[in-house]
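A.B. asks: how does the following fold in three dimensions:
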Amino acid sequence: MALTVADPAAFVADQGNKRAVEQGIAVAAGVDESAVDAVLTVGSRRLQVAMRRMQDGTVNVEATVHAADAPALATLTTSLTEVDATLMTTHITTAFAANNIEGVTITVSSLADPVQAPTATEAYAAEEAAAAPATSPAPPASGESAGAFQATLASGVLMAILAMKM
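C.D. replies: Numbering: from 1, shown residues only. Below is the predicted model:
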């Protein structure tokens, strides 16, 4: 999401602001604050030029919200999809007030739909698929190459047999 604030660099530098943004996201998502990890960065110049008419700048927020399991992830995704920029602004502003952070005006200027990251099992399967060869090797064209392959295979089998006997 993108936040509009008066001084983006100072906003990003203050860890209290980061914690309050995470709290606001947690409330919007319906999760514990510890389930939210946010990274705040100063927005690009292009975004800031577009926002210049308001004399404010942009802070980009990339947040990861963790779920305990697949059903919790489905609920989380649904909850976050239902949150619009106005509601997220309210949650974040409320978190700032609860943390006694005053003098900061925040507006959520854009909010992207949540993207569901793969589970650990899915990520592992994708890594395994990427590491596997795309196609099986073609059989050797000449007898000599075939012999080299067979010798390598035979020595590997012999090593396995020797290892089992020891």
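
A.B. asks: I'd like the next helix or strand past the lengthiest strand in the chain.
C.D. replies: Longest strand of the chain, by residue count under DSSP state E: strand 57-65. The helix or strand immediately downstream of strand 57-65 is helix 70-81, counting by DSSP states H and E.

A.B. asks: hey, C-alpha coordinates of that following helix in PDB?
C.D. replies: What follows is helix 70-81, C-alpha atoms only, in PDB (Å, rounded to 0.1, in the frame of the first residue of the first chain):
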ATOM      1  CA  ALA A  70      -4.500 -23.000   5.300                       C
ATOM      2  CA  PRO A  71      -8.000 -22.300   6.700                       C
ATOM      3  CA  ALA A  72      -6.600 -19.200   8.600                       C
ATOM      4  CA  LEU A  73      -4.900 -18.100   5.400                       C
ATOM      5  CA  ALA A  74      -8.200 -18.300   3.500                       C
ATOM      6  CA  THR A  75      -9.900 -16.200   6.200                       C
ATOM      7  CA  LEU A  76      -7.100 -13.700   6.200                       C
ATOM      8  CA  THR A  77      -7.100 -13.300   2.500                       C
ATOM      9  CA  THR A  78     -10.900 -12.700   2.500                       C
ATOM     10  CA  SER A  79     -10.600 -10.200   5.400                       C
ATOM     11  CA  LEU A  80      -7.900  -8.200   3.700                       C
ATOM     12  CA  THR A  81      -9.700  -8.200   0.300                       C
END
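
A.B. asks: helices or strands up against the following helix or strand past it?
C.D. replies: Per DSSP H and E, the first helix or strand lying C-terminal to helix 70-81 is helix 85-98. Applying 3 or more Cβ pairs under 8 Å, 6 or more residues apart in numbering; DSSP states H and E, one finds that helix 85-98 makes contact with helix 15-29, strand 107-110. All C-beta atoms are positioned from the backbone trio N, CA, C, and that covers glycine.

A.B. asks: averaged pLDDT, helix 85-98. What do you get?
C.D. replies: The pLDDT scores in helix 85-98 average 96.

A.B. asks: okay, the angle between it and helix 15-29?
C.D. replies: 130 degrees (axes from the mean of the first three to the mean of the last three Cα atoms, to 10 degrees).

A.B. asks: so residue 27 sits against residue 88, correct?
C.D. replies: No: contact criterion Cβ atoms under 8 Å: residue 27 and residue 88 do not qualify, at 9.6 Å.

A.B. asks: mind checking which of those two has more residues around it?
C.D. replies: More crowded of residue 27 and residue 88, by other Cβ atoms under 10 Å: residue 88, with 23 against 20.
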